[in-house]
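J.: sequence and computational prediction follow.
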Amino acid sequence: MSSAVPQDRESGNCQPVRDSADGVRSAFGSVAERAYITSRADQDALRGSVFQLVHDRKGAGVSVEALIIELRGIADRAGAGGFGARALEDAVRWCISEYYRVDRGD
């Protein structure tokens, strides 16, 4: 589900934008029928979309706890199951590590 934001407030024109949650939802949808991720492409797609979600939400001041709750909700709505599903376990682990990752200028 994409949201619409005003492109030009004065004219009222709106342009659909993809929220980073859409990418996570799509990636979970591709693995929903499986207990775990079977291809490298699926894993890369899910990891990349989780990282983007983390960057967007952390930049907006969302706590890691709230982010994990959102991530679990996205997975549940995509049919990826509860915390027992390997894809969700991976996504939560990636979420936490990316949230607390420190960029080093070395």
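T.: Happy to help now that I have it. Numbers count the residues shown, from 1 in each chain.
J.: buried residues in the longest helix belonging to the chain?
T.: Of all segments of type helix in the chain, defined using DSSP state H, the longest is helix 40-59. Judged by neighbour count using 16 or more other Cβ atoms under 10 Å, the buried positions of helix 40-59 are 42-43, 45-47, 49-54, 57-58. (C-beta placed from N, C-alpha, C; glycine too.)
J.: following the chain onward from that helix, which element is next?
T.: Next in sequence after helix 40-59, counting helices and strands by DSSP states H and E, comes helix 64-77.
J.: ok, back up a step: Serialize the buried residues of helix 40-59 to CSV and add fields for pLDDT and distance to residue 87.
T.: What follows is the buried residues of helix 40-59, written out as CSV (pLDDT from 0 to 100; distance: Cβ to Cβ, whole Å):
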residue, pLDDT, distance to residue 87
42, 82, 8
43, 85, 9
45, 89, 11
46, 90, 6
47, 93, 10
49, 94, 12
50, 95, 10
51, 96, 15
52, 95, 17
53, 95, 14
54, 96, 16
57, 94, 19
58, 94, 22
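J.: now tabulate the residues you listed in CSV and tack on distance to residue 73.
T.: Rendered in CSV, the data for the buried residues of helix 40-59 read as follows (distance: Cβ to Cβ, whole Å):
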residue, distance to residue 73
42, 20
43, 21
45, 19
46, 16
47, 19
49, 15
50, 14
51, 18
52, 17
53, 12
54, 15
57, 13
58, 17
